[in-house]
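J.: predicted coordinates and the sequence they were generated for:
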Amino acid sequence: MTNKTHETNQQHLTELREAAFRFSSKVRGQAGLILDELIDPDGDPISLLADTEGDAGALSLAVPLETITFETWLLGQIGDAEQFDLDIPSHKEIWMNFGAWIGETLRRRHGGHWLVPNEEHANWRLGFSKILLEIAPFRFAEQLLSNGQGAAQNLLSEIERLRENHEEQLERDNGKAVDRFTLNHYIRMHTIPLGQWFVVDFKEMERMWNTAATKDLVKALKKRKSQMPPENGPMIDQVIEGISKAEQSKPLGTQTQDRGLFEAVVQMLAMKRATAPIAMDIMEKFVMPSMYIGIPEKFPPLDEDDIKALHKGIELFELYVDIVPHKYQADDEGFLGCIPEEDLASPFAGQTKLEVGNGDWVIVNPKRFKSMLLEFDSKRLLGRYDEFVKYIANNDKAPNRRDNGRFLTETVGRALADLKACVVAGSKEGHNLLFRMLPPMP
């Protein structure tokens, strides 16, 4: 980070702190409320939320006075305008102060890092340090101000949900708070491409795309829409609208070669399983090598280079992957540094040249993976890694190091467990295992 960038970031952080202070001071001076007490988990507003969870009627009949007062004050900042409008200077001011207060309150309570990609406050995000989660405080503030009634309860509910997420992580960490995620973790999420495994029923897709009438495809999409969460509705409607322009009595595949449309329909109708996207460098450097390593029975001796790497602060799981030999033979020159070309194919008719850039799909033969992953167990991986940490600690030449690699081991274990499930599903008749590279998070 350059001095100029650091200086700019410090200016933004100062701006956030001052805006948050202005908001809380204004609420205290005009509404007589102390916001820290309003969001106190032991206070009446939060306690009532917990007592009436899932019962909207009970909640509406027993809203604490503090909650009503805060919401009345907050929505009163919109003044005589019919609705919240960021083009109105007074509205924009309260929005900026409110968003800053939300973000700074959560950052102080749980720890975290502001990500400021540009000067547009709506794009500013807060990434937590103990759980891998980003929020957009200014977008949330805009939503609350725009929705009107219920803003205060929605705010308190979200703040309490985030607190509970952190409490659950604290319990998993045996009561010891662990700051796992730095600003760099969140920056990487927006700069490093992501990789994802998924399974497609191409037998069914072939029938719907190349054999069934387009009108039947539309019916299938409408049925799928009814089964999916409401937020997916507009995307499916957009696809249906485009398909509706085709000749309805003929198969859609005989009328268009639109690859984007084909992929959209596949994901809506024929995708059977998918892994969580993971950063490509983690995929190539740790996930795939760990699969080929298997579960080692013993560890090789540490040489001078390994000891030097430990002194320089290498992450312990990185050293584990570097020095433990592969149980299975990988193709070092192959796809993802391990998969031979003969195990790859294109899912698109007529395409012979494989491309694996952002958004590209490639079919991968799951046969080799199956033998490796059948014996894989994430708990066994964690157990062997813990033994590796002890192995390092018992070496007289190794420095006294804290375990800085367990979270990465857990991440790899989850990724391989997900891949194992996809390999099993992708081995079924008519199903295919695919990989795609996605652009970084926006």
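T.: Looks like it came in fine.

J.: what sits against the residue lying closest to Arg380 once chain neighbours are set aside?
T.: Spatial nearest neighbour of Arg380, chain neighbours left out: Ile295 (5.0 Å); criterion: C-beta to C-beta, 6 or more residues apart in numbering. The way it works is simple: take the backbone N, C-alpha and C, and place the C-beta from them, glycine included. Listed by C-beta atoms under 8 Å, 6 or more residues apart in numbering, the contact partners of Ile295 are 375-377, 380-381, 384.

J.: filter these down to just the ones in helices.
T.: 380-381, 384 (DSSP state H).

J.: quick one: mean pLDDT for stretch 125-132?
T.: The average pLDDT for stretch 125-132 rounds to 93.

J.: quick check: buried residues in that stretch?
T.: 125-131 (16 or more other C-beta atoms under 10 Å).

J.: so which of the residues you listed comes closest to Asp332?
T.: Checking those against Asp332 with C-beta to C-beta, the nearest one is Gly127 at 34.7 Å.

J.: report all helices and strands that the host helix or strand of the closest one contacts.
T.: Assessed by DSSP states H and E, Gly127 sits inside strand 125-128. If you count contacts as 3 or more C-beta pairs under 8 Å, 6 or more residues apart in numbering; DSSP states H and E, strand 125-128 packs onto helix 89-110, strand 112-115, strand 134-135, helix 183-189.

J.: what's the most distant pair in the buried residues of stretch 125-132?
T.: Arg125 and Lys130 (16.3 Å).

J.: contacts for the strand holding Gly127?
T.: By C-beta under 8 Å, 6+ apart, strand 125-128 touches 103, 106-107, 110-115, 133-137, 162, 166, 181, 183, 185-186.

J.: kindly list the longest helix within this protein.
T.: Longest helix in the chain, counting by DSSP H: helix 3-31.

J.: pull out the buried positions in it.
T.: Of the residues in helix 3-31, those buried by neighbour count under the rule 16+ other C-beta under 10 Å are 16, 19-20, 22-24, 26-27, 31.

J.: again, but for stretch 232-242
T.: Within stretch 232-242, the residues scored as buried using 16+ other C-beta under 10 Å are 236, 239-240.

J.: could you dump those to a markdown table with secondary structure?
T.: As requested, those are arranged in a markdown table below (DSSP: H, G, I helix; E, B strand; the rest coil):
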| residue | secondary structure |
| --- | --- |
| Ile236 | helix |
| Val239 | helix |
| Ile240 | helix |
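
J.: I'd like to know how many residues surround Pro41.
T.: Each residue near Pro41 was counted by other C-beta atoms under 10 Å, and the total is 14.

J.: can you check Ser427 too?
T.: Ser427 has 16 nearby residues by other C-beta under 10 Å.

J.: alright, that wraps it up for me.
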